[in-house]
Structures are given as structure tokens and as C-alpha cells.
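Q: show me how the following folds:
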Amino acid sequence: MNIISVTRRCFFFAVVFAVQAQAQLTVRDPYLLVNAHHDDPLFTTYAATMERSRFFADKAYFMDYFSSDRPITYTSQYAGDLAVIWKINNVVVSQTGEFFARPVVRASFPDMALMEYEPFQGIRVQEAFVVYSSGAAVINLHITNAGTVEYRFSLYPVLHLPDDSLSAVRFDRNGLIFSHHESLVRLHSNLYADRGYPTGFRDELACSTVPESYGAYNGCSIQDFYFAIKRMSKQHVNVTDLNKLDTGPAQLVALQKDCVLKPGESTDVRFVRGVQDVRRPDAELLQEVRSALEADLQACVDENVNLYRTVPRIAFKSPTEKMVYLGAFNLVRQSMMPPTAEAKRNFYVFSRNPQWGWGHGHQVMHESLSMIPYAYLDAKSAEESQRIYIDQQYDDGLIAYRNGPRGPQVYPHQGQPTTSAPFFTWTNWEVYRTAKNRAFLKEAYDAGGKYIRYMEQARDKNHDGMYEWGPYGIIENVRDGWNVVFQLFSQGEDEGRDISGELETLDLTLEMANEMYYLRAMARELGDAAGEKEWSEKFKRTADLVNRYMWDPKDRFYYHVSMTDHKFEFEGVSLKRKELIGFLPMWAHVATPQQAKELVRELQNGASFWRNYGIPTLAANDPNYTPFVDGCCRWNGPVWLLWNYIVMDGLRNYGYDKLATQVGEKMMLAVTTQLRKNHRFWESYSPDYPVQESPSNYIWDSIMAKVLIDMYGVR
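A: Numbers count the residues shown, from 1 in each chain. Below is the predicted model:
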């Protein structure tokens, strides 16, 4: 068992002499221990638990425990780097590569990590990092002298923000108050300037007891701080105090806490970094920091252990698989936010760190596929997230493209509202299969039926039973950017001519068929015979149309067709481009067994779809195939894990379980390659290369938990 035991009290005392210590924190469920070293595929972003989160001025952190040339560092986007520097018997230990024993993460939850290390031989540390709330992050150090000599040491919590916006304000009892500024500019999409996002912040760096010293430093990096706490000349000089500056511009602020431990003694020291919108009263910041300083962290651990009580306890073949499994659950849970404004129930954001405009504040149906794995962790919360769509559904059945705290967002285009790819009923059915909540099933069935009836009227202009994307098809169809078919005449421009409203589109037609298939399943489950008959007939008609018009017997593959004549060309140009969506007929239960066999043959072709890190969105032998992921929303080649899961699910529908597992293994290789390198999940992955750029910590990668559940055949 780990070095962990229990406490329910918080002590405030001077630690410059031998002290009574709290007991170490205990994870009472051995299954949740990960024991991750620096090169293990551990996801290391942390955000406050849903109950202590807020929409604005919400700070999550990325933990770097793995870089040998840095201290253990916690980074919040645009809000600086938080770390603790050690000086032991006048020896400064500022990099984990210098530690006697490097950090090992024993447990990792959505809001916290527990790790152990020895910065110096004989000094054993359990460090708990907890994002206690949106405005308060905790570093709690349980320190034991396991050696044979007395140790005198100083701890220096530092907050480094090098962009010239940090300014010290005052020293206040246990901490240093300072401020910083943040731009609304983001890499992938800016935060909305008129929606209440703060740009000015008030901060505090505080200690559980009165620190011996404090300081603010300009033109100083964390590495430079070494010279501030240990002068180097012909002789070593023990620096016993910081500079005591508490006003003026700075790049780094720090506290100093001195301790003495005799052999066998232990102590606890806690530091808190607080953040608040500068427009709010100072008292709110001070109270939030105080709450974090006094928080019962064992209770926080126990809450996390209890949270995970319902996830399937898979006997994984390797620790790597379990790290990805638990990390995927951590990702989706930390994306959940409490009811806010027009969202009367919990909802999610695409990521909490980094935070960016398009991904903050609204749910979209294709991101909501993450509720399928989330239901194993917290079924009620997954249901509530799906009910956001039901609450904000229009009377005519429309579900807007985005739904959340700002209400439904339809982005009118050419006079018509925009919806999203219809994954609504399938997601609800999968949540129901896990939760078995018939009340939720009935609500989902009614709302899903209304939505599909709306789509039948709004997305089938010629009433032939096949479907076209709306006028703003570039976002409805999930591509979000240029792709070889829908922007066929756009010369690579994302917002150029979009013909997805002029085609009978394969993907939308199959997604409609799939919704009908699961509405039929819901009707059967609820005993609605008339509904079962209606949705069964509609599903069969749609499936027959797909196989009649969209299957090419020559290529033995499925394609879009022209709306006017149902041919595989548009304005004289061929539409026969092999995209990943050509495999969706297996997912939608539309393909015949013989057609599925032909699709499997194409899927396994290494020259087209069978790539190293997964199934690309466009065949590799297409002239427009690009495996390079240089930003968000790249469709013509990159691996999107959600779409790969849909392919995997389709294979299982037709009995190709072994092949489905092989697809899952490719997805695992993509994910673990990145997690080992940078400890993040990503919106999309390169099918061929280990180097890529796209939005990080993207909620839909939580589908990896369901991938592993399916790979191990858990029901």
C-alpha cells in the first residue's frame, strides 16, 4: 500500500520547530492507483469539481511532473506557472532531475493528483495538488524525515507570469496579494468580448501558517529565482529572507516557509494560489483562499473514490490501458459545469485548460457522444447534460446547433436555423442502456421523435427520403473546415462555396437512419407499438434508399450523390471520394452482410484507410489526403477518435469483433503516443506521424473509456 493514511483535521502552527503532522492522504480503492512515472501515458490536467466550479474566472491547471529540468509545475493558461522550490540545508533543489527520487503519481482524479518523491535523500514527500475550486488551487506537502540527521529546509512557493502583467499589491497575513491581466485572444477562437469574460484578475499566494518571508521579482524566471534564494560567488551565502517587496510590477512572486525536522518527524505545509475577477470584492478572494487552506483533503480524496465506484473494473492487460481508461473519465468529468444562467442543469465545456471561445459555454450533439462513456461514471449527470437539449428544444422540434447557459444558438444562415449532426437519440439510448432510467428514456424518446420529424421537413428539400445539410452545412456536418467533397469548388477555402446543401449527403442520411433505428428500439422498450411501427418503416425506407442510390457496386463503396439526379457527380465533377463516412452504413445497421464484407476489405487496405494511428477521415490514396494536423478542424486525413469509435461500433454490429479491437488498438496507440510525450488528449490525431497540433484536452476523447469497455467486452 502507498504511503497514505487518514486525517480529518487542519492544523495551523509554526513549523520552524518539530511539529505534529497530519496523517497522509489515503486512496482506499487500490484499483484507482496508477503509480505513473515520468514517461507513462498519464493525463495531467486538473479542474475543480463541478460543485465548486464557476463559469467565469475558472482556472484549471496542467501538471508537469515529468520534465527533469523544471520543478513540479502547475500551469494555468495565461495565469502563470505555480511551483515549489526546495532549499535543504542550504542546497537548492529546483529541478526534478536533481531529486534523489523523482515524482511518481500514485493517483490522479479529475480535480487532483497525489504523488510521492524525495527531493533529497531521507526527505520523503507526499504532494497533493488539488484544484479545490475555480478560484483556489492547493499544494499540500506531507514531509517526513526518514533519514538519520536533522534537516533544516525552506520551501518557496512561486507564481511566475512572464508576460509583464503581474503586479504585487500588498502582503496580507498569510499571503501576498497581486494582480494580473489576461487577453481574450485564444489560439483557436477568442473568448467573446461582450459576454462577461474578465480580463483583470486579483490573486493571492498564501500559506497555511504565516510565512517567514515573501517577495516580488521583476525580470526573473523560475530558473533565475535560484540566485534570489542562494547567492553564488567565492563563497556560498545562506539567504535567509526574500526581498519583502509587496508592491509594483513583477514577473514572479514568492513566499518562504522555514521548517526543521529531526529524524522520524513529519510535518505538513499547505500553499494556495487564489484567483478572482478583479471586479469582485477582495473579501471573496480571501474567503475562497481561506476555505482551500482549511479544506479537508481526505474528504476530497474520498469523494473521488466514491465517484468512481460505478465504472467497470476491467482487468487490463497493462497499466497503460488503465491510465488511458481513468484519464478518459477524468477528462469528461472535469469538463462538467454546474447549472448556469439559461442552463438549468449541469452542462459541459469542450475543455477547461485551455479555455477558448468556441468550446466554452455550449454543448453540441457530436461532442455529447462523450456522455456515452460518462454515463458509466455518473449516469445522472450524463442524463442532465442531455436534458439541456430537451429543455431548449424549440416547439417545432428543432434542436439548435449549440445549447447551454446562453440558451439555444441557431446561427441563422440564408434565413434558416442551424442544427447539428443528429446523434441525439443514439446517445440517449446508450446512456439509458447504462443507467436504466425509464423516465429519462421517455423524455428522450419524445424529444428525439420531435427532432427527427423536424429534420424530415427541414433537411429533405425534395422530399425523396434522403437528406441535405442545411445552408450552414460546414458546421452542421462536423467538418468545420474545407473538405474534398462539400467544398469541391472552393480552392481550399473553408468559407468558400459549400455544396453540402445541394447533395443527398451520405453522412446525414445515415445519421437519420441511425436515429430512426434507435427510436424504434426506444418505442419497443416503452411498449409504444404505433411508434415502433412508424420508426421501423421509416428506417427501412431510408436504408433501402441508401443502398439503392449511394452504394457504388463498381467501387464497392458508399458515396454522396447529386440531389437532382442521384448520380455520383455534381456539375460534371465526380463525387466519388472515399471518406471515413463510407463505413457508417455498418454503424447505422444499413449495409447488407455482403456490403459490409466489401467495406471491411477496403478498411483493411493499408494504402487507403488502415493507417498506423487509426482510420483517417479521407483515404490516404486520395490526392487531397493530408496526415498533417496543424490546427483544429482538419478533416482530409486526420484521425478523429469519435468517428473511429463509430467505425469500431459498426464493425461490432456485423460480428467483426476482432477487427473492431484492432481499430481500438490503433486508437490506443495514437492516444498513448501523445500522452507519453505531452500528457494531453487532442481533438484529432495524425494517422501517420507522432507530431501534431490541434486543440488539446478535447472532451470527446473521453470516448476512449468506451473503446476500452468494448474491447474488453464489458456489458
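Q: going by C-alpha atoms from here, please, whenever you check contacts or count neighbours.
A: Will do.
Q: mind checking how far stretch 419-437 is from the chain centre?
A: 20 Å (Cα atoms, centre = their mean, to the nearest Å).
Q: just the CA atoms of that stretch, as CSV, please.
A: This file holds the C-alpha atoms of stretch 419-437, laid out as CSV (Å, rounded to 0.1, in the frame of the first residue of the first chain):
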residue,chain,number,x,y,z
THR,A,419,-28.7,22.4,-36.2
SER,A,420,-26.0,19.8,-35.6
ALA,A,421,-25.3,16.3,-36.8
PRO,A,422,-28.2,14.2,-35.3
PHE,A,423,-26.5,11.9,-32.8
PHE,A,424,-29.2,12.7,-30.2
THR,A,425,-31.3,9.5,-29.9
TRP,A,426,-28.3,7.2,-30.2
THR,A,427,-26.5,8.9,-27.4
ASN,A,428,-29.6,8.8,-25.2
TRP,A,429,-30.2,5.1,-25.9
GLU,A,430,-26.6,4.3,-24.9
VAL,A,431,-27.0,6.4,-21.7
TYR,A,432,-30.2,4.5,-21.0
ARG,A,433,-28.5,1.2,-21.5
THR,A,434,-26.1,2.1,-18.8
ALA,A,435,-28.4,3.9,-16.4
LYS,A,436,-31.7,2.0,-17.0
ASN,A,437,-33.7,5.2,-16.1
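Q: neighbouring contacts of it?
A: Residues external to stretch 419-437 that are found in contact with it (Cα atoms under 8 Å, 6 or more residues apart in numbering): 364-366, 368-369, 371-372, 375-376, 379-380, 382-383, 386, 398-402, 410, 438, 440-441, 444-445, 448, 470, 475-478, 508, 511-512, 514-515, 518-519, 522.
Q: and the helices in the stretch 251-400 of the chain?
A: With DSSP state H, counting those that start in this stretch as the criterion, the stretch 251-400 of the chain has helices at 282-294, 297-307, 319-334, 371-377, 379-391.
Q: out of those helices, which gets nearest to residue 593?
A: helix 371-377 (26.8 Å; Cα to Cα).
Q: which secondary element of the chain has the worst mean pLDDT?
A: Of all helical and strand segments in the chain, the minimum by mean pLDDT, DSSP states H and E falls on strand 237-238, at a mean of 69.
Q: could you give the average pLDDT over the very next helix or strand once past that strand?
A: Beyond strand 237-238 on the C-terminal side, the first helix or strand identified by DSSP states H and E is strand 248-249. Throughout strand 248-249, pLDDT has a mean value of 96.
Q: which other helices and strands does strand 248-249 contact?
A: The contact analysis (3 or more Cα pairs under 8 Å, 6 or more residues apart in numbering; DSSP states H and E) places strand 248-249 against strand 167-172.
Q: may I see the buried residues of the strand it packs on?
A: 167-169, 171 (16 or more other Cα atoms under 10 Å).
Q: then stretch 187-201?
A: Neighbour-count burial for stretch 187-201, counted by 16+ other Cα under 10 Å, picks out 188, 191, 197-198, 200-201.
Q: contacts for that stretch?
A: With Cα under 8 Å, 6+ apart as the test, stretch 187-201 has contacts from 56-57, 179-185, 275-279, 356-358, 631-632, 695.
Q: first-to-last residue distance for that stretch?
A: 21 Å (Cα to Cα, to the nearest Å).
Q: avg pLDDT for it?
A: Rounded mean pLDDT across stretch 187-201 is 92.
Q: pull the distance from it to the chain's centre.
A: Using Cα atoms, centre = their mean, the offset of stretch 187-201 from its chain centre is 20 Å.
Q: same thing with stretch 56-66?
A: Relative to the chain's own centre, stretch 56-66 is displaced by 12 Å; criterion: Cα atoms, centre = their mean.
Q: now tell me what touches that stretch from outside.
A: Looking at what lies outside stretch 56-66 - Cα under 8 Å, 6+ apart - the contacts are 37-39, 44-48, 71-77, 96, 103, 131, 134-135, 196-198, 275-277, 352-353.
Q: also stretch 667-679?
A: Here stretch 667-679 has contacts from 39-44, 320, 324, 613-614, 641, 644, 680-681, 685-687, 690, 704, using Cα under 8 Å, 6+ apart.
Q: among those residues, which are in helices?
A: Those of the contacts of stretch 667-679 mapping onto helices are 320, 324, 641, 644, 704, per DSSP state H.
Q: between the residues you listed, which is closest to residue 161?
A: Ranked by distance to residue 161 (Cα to Cα), the ones in helices among the contacts of stretch 667-679 are led by residue 324 at 31.3 Å.
Q: that closest one and residue 40 touch, don't they?
A: No. Under the criterion of Cα atoms under 8 Å, residue 324 makes no contact with residue 40, lying 10.1 Å away.
Q: the ones in helices among the contacts of stretch 667-679 into a markdown table, with extra columns for distance to residue 566 and pLDDT?
A: What follows is the ones in helices among the contacts of stretch 667-679, written out as a markdown table (distance: Cα to Cα, whole Å; pLDDT from 0 to 100):
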| residue | distance to residue 566 | pLDDT |
| --- | --- | --- |
| 320 | 48 | 97 |
| 324 | 44 | 98 |
| 641 | 31 | 97 |
| 644 | 28 | 98 |
| 704 | 37 | 98 |
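Q: still on that earlier bit, which of the contacts of stretch 187-201 are buried?
A: 57, 179-182, 184, 275-278, 356-357, 632, 695.
Q: any idea which of these the model trusts least?
A: Across these, the bottom pLDDT score, 86, is held by residue 632.
Q: ramachandran angles for that one?
A: phi -80, psi 160 (degrees, to the nearest 10).
Q: just give the nearest non-adjacent residue to it, would you?
A: residue 694 (4.8 Å; Cα to Cα, 6 or more residues apart in numbering).
Q: about what we covered before: now the ones in helices among the contacts of stretch 667-679 in a markdown table, with distance to residue 25 and neighbour count?
A: Formatted as a markdown table, the ones in helices among the contacts of stretch 667-679 follow (distance: Cα to Cα, whole Å; neighbours: other Cα atoms under 10 Å):
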| residue | distance to residue 25 | neighbour count |
| --- | --- | --- |
| 320 | 24 | 17 |
| 324 | 24 | 23 |
| 641 | 36 | 27 |
| 644 | 39 | 25 |
| 704 | 29 | 26 |
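Q: could you point out which of the residues you listed is nearest to residue 662?
A: Closest to residue 662 out of those is residue 644 (11.3 Å), distances taken as Cα to Cα.
Q: next, count neighbours for the residue lying closest to the closest one once chain neighbours are set aside.
A: Spatial nearest neighbour of residue 644, chain neighbours left out: residue 615 (6.1 Å); criterion: Cα to Cα, 6+ apart. Other residues lying near residue 615 total 31 when counted by other Cα atoms under 10 Å.
Q: do the same with the one 3 residues further on
A: Close neighbours of residue 618, defined as other Cα under 10 Å, add up to 27.
Q: do the same with residue 281
A: 11.
Q: and the gap between it and residue 288?
A: From residue 281 over to residue 288 (counting by Cα to Cα), the distance is 12 Å.
Q: and residue 121, its phi and psi?
A: Per-residue torsions, residue 121: phi -60, psi 120 (degrees, to the nearest 10).
Q: could I get the pLDDT score of the closest residue to it other than its chain neighbours?
A: Nearest residue to residue 121 in three dimensions, chain neighbours excluded: residue 100, at 5.5 Å (Cα to Cα, 6+ apart). Listed pLDDT for residue 100 reads 98.
Q: rewinding a little: restricted to strands, list the buried residues of stretch 187-201.
A: Secondary structure from DSSP state E places 200-201 of those in strands.
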